[in-house]
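Chemist: All I have is the shape, not the residue letters:
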C-alpha cells in the first residue's frame, strides 16, 4: 500500500510539471511555483519558435522585389549579396543586400508585413570629383566685324567688292576668320584673329593679268623705256605697308606671268612682308603680310 502511494505521488508530480509546461506554452504567463525556472524558460523558447514557424511570412523573392522597387532598380541591373531571414529586436526580418554599379544597398524588410524597416546605401570607392574651374568663353568678334576690318585695311567699301569666302577657321591652333573678296580683277585674302580682330596675314593678287601689247616699231619715247629703281620699289612697298623703315631680306628683279617685277621682301618686328612691283610703272601686282613665327 505504501509502495502504491509512492508511485501515485510520483505520477502526480510528473503530470503537474507537464500541465505547467503546457500552460506556459499556451498562455505565455510565467509561473513561479514549485516547478523550476529553467523548465519554464525552455517552454517559452519552444513556444516562441513554434509561433515564428507558424506565422505566415512573405517569401524571399517578395522581399527582394520590395527592396528593388524602393531603389527603383531592375533585378537584371543588380547583384545580390544576401537575402536572409533574421530576428531583429524580436521581429522576423529579411536582410537584403545587393549592388548596382559601385553603390551598395542594404534593406531590413518585415518578414510578415513586407514593410521596409530600414534602408541604407553606400557608394564604394568614392572619390570627390575635382572641381572644374570656370573658364570664360573665348571672345569672338564675329564674321561681319572681320569683313569690316578687312575692307578698311584694303581701303574699300562693301558695295565695291564681291565676297568669295568669310568663314571661321584655325591656323596653328588660333581661331581666325578667313576672308576673301574681289574688287575688279584684284583678289584680297585676309586671315583675322577671331578673338581680337588683329590682321594675321593679308595677300593681294591681280587675277587674269593681261600682258601689255607689244609697242609699235616706232622709236620708244623716254617715258616708255624708263624703269623705276629698286630703291623706288622699296619705298613703294614701305608706303603701302604703312611703315617708315624695315629690314629688307630680298630686293631683286624677277618675272611674273611675263611681267618684269621687283620682288621685295622685308621684316618689321615679327611681321614679314612680300611685294611684287611692276618695274615699268611701280604698280603693286601682289602683296602679302603675315606673322613670322
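Modeler: Sure thing, it's come through. Everything numeric here is computed off the predicted structure, so don't read it as measured data.
Chemist: For the stretch 101-250 of the chain, which residues score under the pLDDT cut-off?
Modeler: The model of the stretch 101-250 of the chain has pLDDT under 70 over residues 125-138, 207-225.
Chemist: tell me the SS of residue 231?
Modeler: Of the three states, residue 231 takes helix under DSSP: H, G, I helix; E, B strand; the rest coil.
Chemist: Tell me the spacing between it and residue 172.
Modeler: Distance of residue 231 to residue 172, computed by Cβ to Cβ, to the nearest Å: 35 Å. Where C-beta positions appear, they are placed from N, C-alpha and C, glycine not excepted.
Chemist: for residue 163, same thing?
Modeler: 24 Å.
Chemist: Looking at those two, which one has more neighbours?
Modeler: It is residue 163, of residue 163 and residue 172, that has more neighbours when counted by other Cβ atoms under 10 Å, with 14 against 8.
Chemist: what bridges to the more buried one?
Modeler: residue 181 (DSSP bridges).
Chemist: ok so residue 150 is a strand residue?
Modeler: No - Residue 150: not assigned to a strand; according to three-state DSSP it is helix.
Chemist: got a list of what it touches?
Modeler: 179, 181, 188, 190, 192, 199, 202 (Cβ atoms under 8 Å, 6 or more residues apart in numbering).
Chemist: Would you mind listing the two of the residues you listed that lie farthest apart?
Modeler: 181 and 199 (14.2 Å; Cβ to Cβ).
Chemist: quick one, what contacts residue 154?
Modeler: By Cβ under 8 Å, 6+ apart, the neighbours of residue 154 are 161, 183, 188, 204.
Chemist: Who wins on neighbours among these?
Modeler: Busiest of the contacts of residue 154 [other Cβ under 10 Å] is residue 188, holding 22 neighbours.
Chemist: so what's that residue bridging to?
Modeler: Under the criterion used (DSSP bridges), residue 188 bridges to residue 181, residue 204.
Chemist: Provide the count of other residues in contact range of residue 63.
Modeler: If we define neighbours as other Cβ under 10 Å, then residue 63 has 25 of them.
Chemist: mind checking how far it is from residue 118?
Modeler: From residue 63 to residue 118 the distance is 13 Å (Cβ to Cβ).
Chemist: which neighbours do these two share?
Modeler: Going by Cβ under 8 Å, 6+ apart, residues that sit against residue 63 and also against residue 118 are residue 107.
Chemist: What residues sit buried inside stretch 189-200?
Modeler: 189-194, 199-200 (16 or more other Cβ atoms under 10 Å).
Chemist: again, but for stretch 143-159
Modeler: For stretch 143-159, the neighbour count (16+ other Cβ under 10 Å) marks 146-151, 154, 156 as buried.
Chemist: nearest to residue 288, of the buried residues of stretch 189-200?
Modeler: Distances from residue 288 to the buried residues of stretch 189-200, taken by Cβ to Cβ, are shortest for residue 189, at 8.3 Å.
Chemist: measure the closest residue to the closest one other than its chain neighbours to residue 289 for me?
Modeler: Leaving aside its sequence neighbours, residue 189 sits nearest to residue 203 (Cβ to Cβ, 6 or more residues apart in numbering; 4.3 Å). Separation of residue 203 from residue 289 (Cβ to Cβ) stands at 8 Å.
Chemist: So those two - more neighbours on which side?
Modeler: Here residue 203 and residue 289 are set side by side on neighbour count (other Cβ under 10 Å), and the busier one is residue 289, at 21 against 16.
Chemist: partners of the helix or strand containing that one in the sheet?
Modeler: Residue 289 belongs to strand 284-291 when assigned by DSSP states H and E. Applying DSSP bridges, strand 284-291 is found paired with strand 199-206 (antiparallel), strand 271-278 (antiparallel).
Chemist: So which of those is nearest residue 237?
Modeler: Nearest of the strands paired with strand 284-291 (Cβ to Cβ): strand 271-278, 4.2 Å.
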